[in-house]
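Trainee: coords please:
(2 chains)
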Amino acid sequence: MRAIRDIGGWRGTATTIGLAGLLVASAACAGSHTTTAATPDAGSSADSTPGLGATSVPNANPFPSTYVPFPSHPTLIKNATIYTAAGPVIRNGSILLRDGKILAVGTSVDAPTDATVIDGTGKVVTPGIIDVHSHMGVYSAPGVAALADGNEATNPVTPNVWAEHSVWPQDPQFARAIAGGVTTVQILPGSANLIGGRSVVLKVVPARTVQAMKFPGAKYGLKMACGENPKRVYAGRGPSTRMGNVAGYRSAWIDAEEYRRKWDDWNAHHKGDPPKRDLGLETLAEVLRGNILVHNHCYRADEMAQMIDIAKEFGYHIRAFHHTVEGYKIADLLRQNNIGAAEWADWGGFKMEALDGIKGNMALTDAAGAKVMIHSDDPSGVQRLNQEVAKAWYTGLALGLNIPEERAVEWMTINPAWALDLDNKIGSLVPGKDADVVLWSGDPFSVYTKADKVWIDGALLFDRGTPSNWWRSDFDLGNTENP
Amino acid sequence: MRRHLVALLSAAVAFGCNAQIVRAQTIAITGGMVYPVSGAPITNGTVLIRNGKIAEVGATVVIPADAQRIDATGKVVTPGLINAYTALGVDEVSGVSETRDVQARGTDAIAAAFRVWDGLNSNSALIGATRNEGITSVLVAPVGGLVSGQAALVDLLTGRSTEMLRRTPAAMVVQLTSPNEAGTDARGEMIAKLRALLDDAVYYHQHRTEYDKRGARVLTASRADLEALTPVITGALPLAILADRADDLDAALAIARDYHLKLILFGAAEGWMRASAISAANVPVVVGAMNNIPNTFSMLHARQDNAALLRKAGVRVAMMGNAGDSDEEQFNVRNVKYEAGNAVSYGMPHDDALRAVTLTPAELFGAAGQVGSLQVGKDANVVIWSGDPFEFSTRVEHVLIRGREELRASRQDMLEQRYRTLPPQ
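Mentor: From the prediction side, this is the model:
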């Protein structure tokens, strides 16, 4: 009767977003095996040219996105309340989606004659919800051992594994997430390991391959985890203590720095034999170069402060702490170090490091100036992130904090987009951005409101009114009901 | 056993009476939108509380001069909410085994004699946080094994655990979701094991004299377990069966029919597929409203509107939490009100949803004479809300349990206050 969340607390936070295409405006061209950076000139004849995998280059992209937006039709939503996550609410507003992008937003928008017009009277429009912490696809439903692919719990340091190599596109949980208005998710490895591996950012779309879900141009993330999970999982072989955890991170970064130096030197001069590639160190070196974002599962305030020091010691930046159950205790530190805080509304208490969870966490973290965002870590919670934000927001109001509703909307849209370094593409309703849009049946912060329609890149991919068109994964066919 | 049960209940009532002497007073809650649940809503209603009991409810109540008044104008007044399946007070930090008193070792997966409330921690830090959100009673249920043990209905007042007990036992808990946990390898074996145990309980009940003379046949369970099962097979105590798969629900219904048991189904993820059969058998269901993930092969057909569909078929529905992991049974017991709200969102009438977190669970666990509705003579478990109890925007303004104000800072509130303003670094 229970849903799954953070099985045994193993599904920690910290994932990084890949940096598949810093230089590529859009990697969406189907089938292209684009490498973002220039391939080193091996200077050898054609028949002996090594593959791209022969050398370690920044921003390599061996599993490129093949995502292509679904067919869309120009769409105008009018007479709606629009939360853009980029300014004040627009009452009685209109938004025009065209060619996968947002074309115009405002009180008066001219629509082409061929546009589908949707009357949004009494309804609310927001950007698509972004969940920076999901294990869909790597801990698929049903939750059987054969589908438990989220923790490579064979070694406490596994930066060599990539979450996308575990993602099952037929996980029935994806289809349920889009029905909750979720359009982009970061899939993370679990939190068994100090360094758990690379994350992957996906558009929540039906696909036969994970490549066809990958968000074009999204950076990779690196999942790291503090505290109880690693020391519990590796109690027998170590680390078995928090100090052992810290020694483990530092030791890995020492190796990574040496690797980065050798390869940066070789890539610059191509002198002599290239160093041997190492998948794990390559990922860590990419973090040190700033090409991969660190997502760090961490509950306790004091441990977050230590992780910040470790990042400074080795010259990398933590993009966001995840879970951050004690974020409210060190929100000033998070602000000063420009670190995001991915939090639950009201989950805690299930282990010692989660004991001090409070419902005011998001609001207090926000009030102290840190960039706060909702996250689910849970296939049930991901379906109701608007409700989770509602709990956190109203708790803040009850505490006497002055938090406009527009700001609460940002907690589930532009702030998580920032954590993925995708805030230039998604997360707000601004002309030119991806047309990832939700039309809610009413106030998104009411328990009675549901996502009516959800567009991804301008394509209507969920329409509550037509159940026959709902996305059903291969597993769903003949096995389950429409959610 | 019957006598034993009565004695237990009398003890609980006696404790309650002692406590009431201290708080002998009259309270009038006036001007609110009153939802008695047992009757139609009353606009601008008054709830009069005397000596911890509800003395009068209505639109034209004469308020005694000495009454303490609580102005509820513009507010909503309901019975305190009940979460019908929790581990509150017996599982403080689920990751710390020494704080867990919710699962017995038992003998061969049978722990009928296990009274989970004997381990109830009245000082649990989670109780205050739950109560402050308008939950005044919970079922505290054991987990695990085939027969998990006996559950209690508990009032979330501040006091000793013996004062908190509302109904003991409130149900005998059995799980049919996992053959493995039941100490078997297949569903059929698990069901056969339960039937053999019930056969033995019936035999024991009918042959106690022989048993005492050691002239009885060999039985599968201990004397204490068989004794504990006696009220179940006589129909005095509900048997709560956790099951999800449609066929497992059928099996539970068949067992209840064959042994004339008073069955309550728990979980019932695929309950909607058997809604008419469950309704025809007049079996109530305790269910959540946020469970649509095919998370096990026993719940592939879980769907969001399960609770609403069961209710539509006429099934008596009470709510439990199942939005997340087991934290819904401890840290977020409070969120049962949002289960109810989501049930409404997916088709359950609001009145039915309110009943599902008040009077219906009180009825299921034999406490409808004391709690679950605002009726004269019942204990005054009353909550005053700023609005709709199921909405996120609503705040709890008063929580009265047995007539005493119980709203006070929880541990979570204290942390919130401490860090409201961060100290200089």
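
Trainee: tell me the phi and psi of B:Met319?
Mentor: phi -100, psi 150 (degrees, to the nearest 10).

Trainee: that one contacts B:Gly341, doesn't it?
Mentor: No: counting by C-beta atoms under 8 Å, B:Met319 stays clear of B:Gly341, with 10.1 Å between them. C-beta coordinates here come from the backbone N, C-alpha and C atoms, glycine included.

Trainee: neighbour count: those two, which is higher?
Mentor: For B:Met319 versus B:Gly341, neighbours defined as other C-beta atoms under 10 Å in any protein chain shown are more numerous around B:Met319 (32 against 26).

Trainee: the more buried one pairs with what?
Mentor: Beta-bridge partners of B:Met319, counted by DSSP bridges, are B:Val287.

Trainee: next, A:Arg472: phi, psi?
Mentor: phi -120, psi 120.

Trainee: give the burial count for it, as a bare number.
Mentor: 19.

Trainee: and A:Glu410, by the same measure?
Mentor: 25.

Trainee: do the one 3 residues further on as well
Mentor: The tally of other residues near A:Thr413 (other C-beta under 10 Å) stands at 32.

Trainee: host element of B:Val399?
Mentor: Assessed by DSSP states H and E, B:Val399 sits inside strand B:396-401.

Trainee: wait, does that strand contact chain A?
Mentor: No: with C-beta under 8 Å from any C-beta of the partner chain as the criterion, chain A is not reached by strand B:396-401; the gap is at least 9.8 Å.

Trainee: how about A:Ala459: what's its closest non-neighbour residue?
Mentor: With sequence-adjacent residues excluded and distances taken as C-beta to C-beta, 6 or more residues apart in numbering or on different chains, A:Ala459 is closest to A:Phe70, at 3.5 Å.

Trainee: may I have the residues that are in contact with that neighbour?
Mentor: By C-beta atoms under 8 Å, 6 or more residues apart in numbering or on different chains, the residues touching A:Phe70 are A:Val205, A:Ile456, A:Asp457, A:Ala459, A:Leu461.

Trainee: and those residues, which is closest to chain B?
Mentor: Using C-beta to the nearest C-beta, A:Leu461 comes nearest to chain B of the contacts of A:Phe70, at 18.0 Å.

Trainee: what does stretch B:332-342 contact?
Mentor: Contact partners of stretch B:332-342, identified using C-beta under 8 Å, 6+ apart, comprise A:346-347, A:384, A:387, A:447-448, B:81-84, B:86, B:88, B:126, B:129-130, B:132-135, B:138, B:288-290, B:304, B:307, B:319-324, B:328, B:353-354, B:356-357, B:389-392.

Trainee: hang on, the earlier thing: how close does the residue nearest to A:Ala459 sit to A:Pro206?
Mentor: Using C-beta to C-beta, to the nearest Å, A:Phe70 is found at 9 Å from A:Pro206.

Trainee: now do the shared contacts for these two.
Mentor: Residues touching both A:Phe70 and A:Pro206 (C-beta under 8 Å, 6+ apart) are A:Leu461.

Trainee: now, the contacts of stretch B:332-342 that are in helices?
Mentor: A:Gln387, B:Leu126, B:Ala129, B:Thr130, B:Ala307, B:Ala353, B:Leu354, B:Ala356 (DSSP state H).

Trainee: tally of neighbours for the closest residue to the third one other than its chain neighbours?
Mentor: Think B:Ala129. Distance criterion C-beta to C-beta, 6+ apart; nearest residue to B:Ala129, sequence neighbours excluded, is B:Ser410 at 4.2 Å. By the criterion of other C-beta under 10 Å, B:Ser410 has 19 neighbours.

Trainee: cool, and B:Gly39?
Mentor: By other C-beta under 10 Å, the residues close to B:Gly39 number 13.

Trainee: before we move on, what SS does it have?
Mentor: Put simply, B:Gly39 is coil when judged by DSSP: H, G, I helix; E, B strand; the rest coil.

Trainee: phi, psi for it please.
Mentor: With angles defined as degrees, to the nearest 10, B:Gly39 sits at phi -150, psi -170.

Trainee: need the contact list for it.
Mentor: By C-beta under 8 Å, 6+ apart, the neighbours of B:Gly39 are B:Gln375.

Trainee: okay, now residue 147: neighbour count?
Mentor: All of this is about chain A. The burial count for A:Leu147: 17, using other C-beta under 10 Å.

Trainee: um, chain B though
Mentor: Count around B:Val147 with other C-beta under 10 Å applied: 32.
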